[in-house]
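>>> structure for the following, please:
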Amino acid sequence: MPLVSVNGARVHVEDTGAPPGRPDAPAVVFGHGLLFSGLMFAAQVERLRSRYRCVTIDWRGQGRSPAAPDGYDMDALAADATAIVESLDAGPVHYVGLSMGGFVGIRLAARRPDLVRSLTLLDTSSGPEDPDKISRYRLLGRVYRWVGMGPLRGQVEPIMFGPTFLADPGSRVHTDDWMRVLKGVERRGMQRAIHGVTDRAPVHDLLPAITAPTLVVVGAEDVATPVAKAEAIHAGIAGSRLEVVPAAGHSSTLEQPAVLADLIEAHVDAH
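Residues are numbered from 1 along each chain as shown. Here you go, the predicted structure:
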C-alpha cells in the first residue's frame, strides 16, 4: 500500500488484505518499536496472513514513512493508528504493539475500546522513560542526527537486542538489515521520534480502562523495558496474561520469531 495521508503526515502502511476465501477475516494491526519498522513483524505476519488480514504501520519519521514537521508524541501516534484503522474499515482489530507500538496500543485500547478486539503488548511500559536513561538517549539522538547510526551501533545494539541473540553469529544478518533500514530514514524525523519516546507521559491510569483481552510479553533479557515494566502492566489490566520469553531481549519478534508467532497466534485465535 502506498503512503497514506493521516493527521498532517504521510504514513507507510502495509496491508495484506483479506486472505483468499475469508473476506470477513479480522485484521491484526502491528505497531513497531523505536528505530525499527513494520518489518520487525515479518515472521509473525507470515504466520498469520493466511487466516487474518495483517496491517503493519511505520510510525511517522521511521521505516518507510517520511519525516513529518511535528506530531511525534505518543498521543499523536495513537491518533494516527485510530485514523488508519478507521480509514481501512478494519475495526475492531487485534492490535499488537512492541515498545513504542505498545505505548500506542495502551492508549488506543483504553480510549477506543470499540476499535480493539484483543491487545498484545510486547516489551513495553506504561510508565515514563527512566530518568537515568533520558539524558543518555537524548545524547545518542543528537549524535545520530549528525553522524548516523553506524558509529553508535556498538552502544545501541545491546539496548535493542539481548546478549543471547547478539552472541549468535546468525544474528548478524538481522542486525545488518536493521542498520540498512536505519540508513534510509530521514535523521531529523528519527531524532524527533526518539524525543517522543524519551519525553512520553505515563499512562498507568489508563490500564484499568482496558477491557480487551490482553497478552503481555517481555523478553527475559530486555534491558530497555525490563520484566518489571511488563509485570506492572499485567497488574494494571484485569484478566491480562503475562509471558516472559527466555533468551530474548527488547526486540523479541526478531530474536525469538517462532515463539512470538506462537504466542500472538494463540492469543488472536482465542479472541
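>>> pull the longest helix from this structure.
helix 131-147 (DSSP state H).
>>> show me what it is packed against.
Here helix 131-147 touches helix 187-198, going by 3 or more CB pairs under 8 Å, 6 or more residues apart in numbering; DSSP states H and E. From N, CA and C alone the C-beta is placed, and that goes for glycine too.
>>> can you give me the buried ones in the helix it packs on?
Buried residues in helix 187-198, counting neighbours by 16 or more other CB atoms under 10 Å, are found at 187, 189-198.
>>> also stretch 35-48?
Counting neighbours by 16+ other CB under 10 Å, stretch 35-48 gives 35-45, 47-48 as buried.
>>> between those, which is nearest residue 132?
Here the nearest of those to residue 132, counting by CB to CB, is residue 35; it sits at 19.8 Å.
>>> look at that closest one and give its secondary structure.
Following DSSP: H, G, I helix; E, B strand; the rest coil, we place residue 35 in the coil state.
>>> right, and residue 141 touches residue 194 too?
Yes - between residue 141 and residue 194 there is a contact under CB atoms under 8 Å: 4.0 Å.
>>> need the contact list for the residue lying closest to residue 249 once chain neighbours are set aside.
With CB to CB, 6 or more residues apart in numbering as the criterion, residue 249 has its nearest non-adjacent residue at 2.5 Å, and that residue is residue 162. Residues near residue 162 by CB atoms under 8 Å, 6 or more residues apart in numbering: 219-223, 247-250, 255.
>>> okay, and which of those residues map to helices?
Reading helices off those with DSSP H, I get residue 255.
>>> relative to residue 3, which of the contacts of residue 162 is nearest.
Among the contacts of residue 162, residue 250 lies closest to residue 3 (CB to CB), at 27.6 Å.
>>> quick check: phi and psi at the closest one.
phi -70, psi -30 (degrees, to the nearest 10).
>>> I'd guessed it sits against residue 227; true?
No - using CB under 8 Å, residue 250 is not in contact with residue 227, being 11.6 Å away.
>>> quick one on the thing from earlier: next, the angle helix 187-198 makes with the longest helix of the chain.
Taking axes from the mean of the first three to the mean of the last three CA atoms, to 10 degrees, helix 131-147 and helix 187-198 form an angle of 180 degrees between their directions.
>>> give me the buried positions along stretch 58-75.
In stretch 58-75, counting by 16+ other CB under 10 Å, buried: 58-68, 71-75.
>>> how close does the residue nearest to residue 249 get to residue 252?
Separation of residue 162 from residue 252 (CB to CB, to the nearest Å) stands at 8 Å.
>>> got any residues that touch both of the two?
Taking CB under 8 Å, 6+ apart as the contact rule, residue 162 and residue 252 both touch 219, 222.
>>> any idea of the pLDDT on residue 1?
Residue 1 carries a pLDDT score of 57 in this model.
>>> oops, could you answer that again for residue 89 instead?
94.
>>> same question for the one 10 residues further on.
Among the per-residue scores, residue 99 holds a pLDDT of 97.
>>> just the one 5 residues further on next, same as before
For residue 104, the model assigns a pLDDT of 98.
>>> which of the buried residues of stretch 35-48 lies closest to residue 134?
Among these, and counting by CB to CB, the member closest to residue 134 is residue 35, at 16.3 Å.
>>> quick one, which of residue 250 and residue 227 is more surrounded?
residue 250 (27 against 15; other CB atoms under 10 Å).
>>> leaving aside the residues next to it on the chain, what's closest to the more buried one?
Per CB to CB, 6+ apart, closest to residue 250 is residue 224, 4.3 Å.
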